[in-house]
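Chemist: What follows is a predicted protein model with its sequence.
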Amino acid sequence: MNDKIKEMIEEIEAMKVKLGEEIAQQEKDITYEIQNGYVRFEKEVLDKQKENMKNLLAWFRDIPLLHLLTSPLIYAMVIPAILFDVILFLYQQIIFRIYKFEFVKRSDYVIFDRQYLGYLNCFEKLNCMYCSYFNGLMHYASAIASRTELYFCPIKHAKKIAYEHEYYDEFFRYGEEDKYQKKLEALRKKSENK
């Protein structure tokens, strides 16, 4: 990767930080604290949120029939997701130890905190927990796979891909055969602590 590309990547990362700061600034009016992993709202804020909760009768009345009929299929995906979660755990315990990769913290990806929102009814909270688990699990799996790919096949694709994980910029250009084996060995040594 040449210096100009590295510089542009650094600029993008700096802009991401600035964007995060700007979003945090705009969200200052939403007051809550995180204590021992639990989100806490002031009583007045929680009471105001509860005033905006849709009651169950109105909520069910507004659900289209096809949405209601497809919900068992959606929720059935929990079964393979849990199996996949177990396999990811075993994969990390075995493969990451052997190859000396830094472990991916599941708790950085699978986050349950939406159930503390007072304006969600019990079914909305359940839906949010499902989405938090399933999407978090997929991001967690992607993080594990990206560390594995960094070690075994750090070559960019010829075609443009829709999602580039955090290590993709370090990958070798497609067709860059010059000293591939030496570069691969150096990258592997570097990646042992990631």
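Modeler: Happy to help now that I have it. Residues are numbered from 1 along each chain as shown.
Chemist: all contacts plus neighbour counts: C-alpha atoms, from now on.
Modeler: OK.
Chemist: Count residues in the vicinity of K183, would you?
Modeler: 12 (other CA atoms under 10 Å).
Chemist: measure it to F101 for me?
Modeler: From K183 across to F101, the span is 18 Å (CA to CA, to the nearest Å).
Chemist: nearest spatial neighbour of K54, skipping sequence neighbours?
Modeler: Using CA to CA, 6 or more residues apart in numbering and skipping residues adjacent in sequence, the residue nearest K54 is N121, 6.6 Å away.
Chemist: Phi first, then psi, for that neighbour.
Modeler: Per-residue torsions, N121: phi -80, psi 180 (degrees, to the nearest 10).
Chemist: surely it meets E51?
Modeler: No: N121 lies out of contact with E51 (CA atoms under 8 Å); the separation is 11.1 Å.
Chemist: Neighbour count: the two, which is higher?
Modeler: Legend: neighbour count by other CA under 10 Å for N121 and E51, higher for N121 (17 against 11).
Chemist: Check the spacing between the more buried one and K48 real quick.
Modeler: Using CA to CA, we find N121 at a distance of 14 Å from K48.
Chemist: and F172, how many neighbours?
Modeler: That count, for F172 with other CA under 10 Å as the rule, works out to 19.
Chemist: What's the local residue count around the closest residue to it other than its chain neighbours?
Modeler: Distance criterion CA to CA, 6+ apart; nearest residue to F172, sequence neighbours excluded, is I155 at 4.7 Å. Residues contacting I155 under the criterion other CA under 10 Å number 19.
Chemist: same thing with L184?
Modeler: 19.
Chemist: contacting residues for it?
Modeler: By CA atoms under 8 Å, 6 or more residues apart in numbering, L184 lies in contact with P154.
Chemist: How far off centre is the helix or strand that it is a member of?
Modeler: L184 belongs to helix 180-191 when elements are defined using DSSP states H and E. Distance, stretch centre to chain centre, for helix 180-191: 27 Å (CA atoms, centre = their mean, to the nearest Å).
Chemist: and what of stretch 57-66?
Modeler: 30 Å.
Chemist: Okay, buried residues for whichever helix in the chain runs longest please.
Modeler: Among the segments of the chain that qualify as a helix by DSSP state H, the longest is helix 122-152. For helix 122-152, burial by neighbour count (16 or more other CA atoms under 10 Å) applies to 124-125, 128-130, 132-134, 136-141, 143-144, 146-148, 150-151.
Chemist: what do you get for stretch 31-40?
Modeler: R40.
Chemist: how about the residue nearest to F172, what does it touch?
Modeler: Applying CA under 8 Å, 6+ apart, the residues near I155 are 171-174.
Chemist: Same list, these, but as JSON lines with secondary structure and distance to A14 please.
Modeler: Listed next are the contacts of I155 as JSON lines, based on DSSP: H, G, I helix; E, B strand; the rest coil; distance: CA to CA, whole Å:
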{"residue": "F171", "secondary structure": "coil", "distance to A14": "21"}
{"residue": "F172", "secondary structure": "strand", "distance to A14": "23"}
{"residue": "R173", "secondary structure": "coil", "distance to A14": "24"}
{"residue": "Y174", "secondary structure": "coil", "distance to A14": "27"}
